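Asker: Generate a structure from the sequence data that follows.
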Amino acid sequence: MSTGAIAVRGRPGMQRMPGGVFLMGSDDHYPEEKPARPVSVDPFWIDEIPVTNAAFAAFVEATGYVTQAEIAPSAADYPDADRAMLKAGSAVFTKTAGPIPLTDPAHWWAFTFGADWRHPWGPLSDLRGLADHPVVHVTCADAEAYAAWAGKRLPTEAEWEFAARGGLEGAAFAWGSDFEPGGRPQANYWQGRFPFENLRLDGYERTSPVRAFAPNGYGLFDMIGNAWELTADPYDQPPAAKACCTTSKLGAPGPRRVMKGGSHLCAETYCRRYRPAARYAQALDTSTSHVGFRCATNA
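Answerer: You can find the predicted model right below:
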């Protein structure tokens with residue numbers, strides 16, 4: 001396998017991945033990551049950083065695009081729903097007051113009217129100071145609309161994992177085999193007892209600027225933690241995974257996409273998905289305060 005990204009001019013803000021055969025997945029962590037197997041990917045380009053609020057705002061200004069979280073759900077699409085809940089909004093994480101059973105994500109997720117990419121923590125919040133944070137509260141359709149406008153696409157799961165590994169074959173983490181080298185967090189994830197105690201040893205309560213941590217071996221930032229990233233691949237694995245910090249349940253019906261990388265809510269004691277091999281499902285019609293994306297193109 002090639003040992004580094006290829007420095008080629010012509011695609012500002014992207015890195016060219018060399019492609020090749022790599023060991024995808026893991027036999028050492030969650031069931032849905034098995035088996036570790038050799039996978040081949042062609043060379044491709046991928047964004048150095050996740051799509052930011054500033055970049056997404058430029059797209060919206062140019063096109064007038066309205067995200068799914070800004071549109072009230074249709075009663076025809078959700079005939080069994082409480083009519084009072086058919087309002088525009090999105091899922092927002094809220095810390096609990098203390099320890100609780102970690103069996104039901106509804107304890108820390110709430111569908112919040114008025115939450116969207118412009119109002120990431122609810123209708124009274126805004127994007128002041130968050131221009132360089134990853135855009136969140138986007139669905140797969142929103143991400144694909146941005147990618148098409150930018151002349152790009154979403155990466156496949158294999159492309160995403162190849163890029164996240166940064167040339168480190170078989171390493172558990174994007175930065176190597178040690179979780180916290182020198183005792184320092186290498187990405188934005190949860191430190192403390194989830195979901196009520198965030199020690200913020202990484203410096204952040206929620207999302208962080210997209211270049212707040214060092215890049216991986218391919219010069220890519222934020223491949224791990226901060227915000228989950230959507231991919232182009234459907235999630236068709238059987239519902240074998242353990243609990244996660246997301247709103248999704250792997251046994252839930254309906255079409256889903258693979259998302260990768262974990263988020264600022266992944267905790268050592270609960271959801272250890274801040275690894276390149278980790279994967280989880282996201283429903284196509286769901287948006288949350290910790291899911292974003294980055295784009296790729298063919299080489």
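Asker: could you measure residue 115 against residue 121, distance?
Answerer: Using C-beta to C-beta, to the nearest Å, residue 115 is found at 7 Å from residue 121. From N, CA and C alone the C-beta is placed, and that goes for glycine too.
Asker: Pull up the overlap in contacts between these two.
Answerer: Residues touching both residue 115 and residue 121 by C-beta atoms under 8 Å, 6 or more residues apart in numbering: 92, 289.
Asker: So which of those two has more stuff around it?
Answerer: residue 115 (26 against 18; other C-beta atoms under 10 Å).
Asker: which parts of the lengthiest strand in the chain are buried?
Answerer: Among the segments of the chain that qualify as a strand by DSSP state E, the longest is strand 228-234. Neighbour-count burial for strand 228-234 flags 228-233 (criterion: 16 or more other C-beta atoms under 10 Å).
Asker: again, but for stretch 53-64
Answerer: 53, 55-56, 59-60.
Asker: what's the answer for stretch 30-47, then?
Answerer: For stretch 30-47, by 16+ other C-beta under 10 Å, it's 30, 32-33, 39, 41, 44-47.
Asker: Dump these to CSV, plus pLDDT.
Answerer: Shown next, in CSV, are the buried residues of stretch 30-47 (pLDDT from 0 to 100):
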residue, pLDDT
30, 94
32, 94
33, 95
39, 97
41, 98
44, 98
45, 98
46, 98
47, 98
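Asker: What is the nearest of those to residue 74?
Answerer: Closest approach between the buried residues of stretch 30-47 and residue 74, by C-beta to C-beta: residue 32, at 31.9 Å.
Asker: OK, contacts around the spatially most central residue of the chain?
Answerer: Nearest to the geometric centre of the chain sits residue 228, at 1.2 Å (C-alpha atoms, centre = their mean). Contacts for residue 228 (C-beta under 8 Å, 6+ apart) come out as 246, 259-263, 280, 282, 290-292.
Asker: got the contact list for the closest residue to residue 55 other than its chain neighbours?
Answerer: Spatial nearest neighbour of residue 55, excluding adjacent residues (C-beta to C-beta, 6 or more residues apart in numbering): residue 135 at 7.3 Å. Residue 135 makes contact with 50-53, 55-56, 117, 292-293, according to C-beta under 8 Å, 6+ apart.
Asker: For residue 101, give me its contacts.
Answerer: residue 107.
Asker: What score does it have for pLDDT?
Answerer: Looking at residue 101, its pLDDT is 92.
Asker: Each with direction, which strands does the longest strand of the chain pair with?
Answerer: strand 256-260 (antiparallel), strand 291-292 (parallel) (DSSP bridges).
Asker: Can you check which of those strands gets nearest to residue 143?
Answerer: strand 291-292 (8.0 Å).
Asker: on contacts alone, who are the packing partners of whatever helix or strand comes next after that closest one?
Answerer: Using DSSP states H and E, the helix or strand that follows strand 291-292 in sequence is strand 296-298. When contacts are defined as 3 or more C-beta pairs under 8 Å, 6 or more residues apart in numbering; DSSP states H and E, strand 296-298 packs onto strand 44-47.
Asker: what's the offset of the strand it packs on from the middle of its chain?
Answerer: 16 Å (C-alpha atoms, centre = their mean, to the nearest Å).
Asker: if we can go back for a sec, among the contacts of residue 228, which two are most distant?
Answerer: Longest span within the contacts of residue 228, C-beta to C-beta: 280 and 292, 14.1 Å.
Asker: Looking at the two, which one has more neighbours?
Answerer: residue 292 (31 against 27).
Asker: before we move on, the earlier item: among the buried residues of stretch 53-64, which one sits closest to residue 162?
Answerer: The shortest approach to residue 162 among the buried residues of stretch 53-64 belongs to residue 55, at 23.2 Å (C-beta to C-beta).
Asker: part of a helix, is the closest one?
Answerer: Yes - remark: residue 55 belongs to a helix, assigned using DSSP: H, G, I helix; E, B strand; the rest coil.
Asker: That one and residue 129: what is the separation?
Answerer: To residue 129, residue 55 is 16 Å away according to C-beta to C-beta.
Asker: mind listing what's buried in stretch 259-272?
Answerer: Buried, per 16+ other C-beta under 10 Å, within stretch 259-272: 259-267, 270-272.
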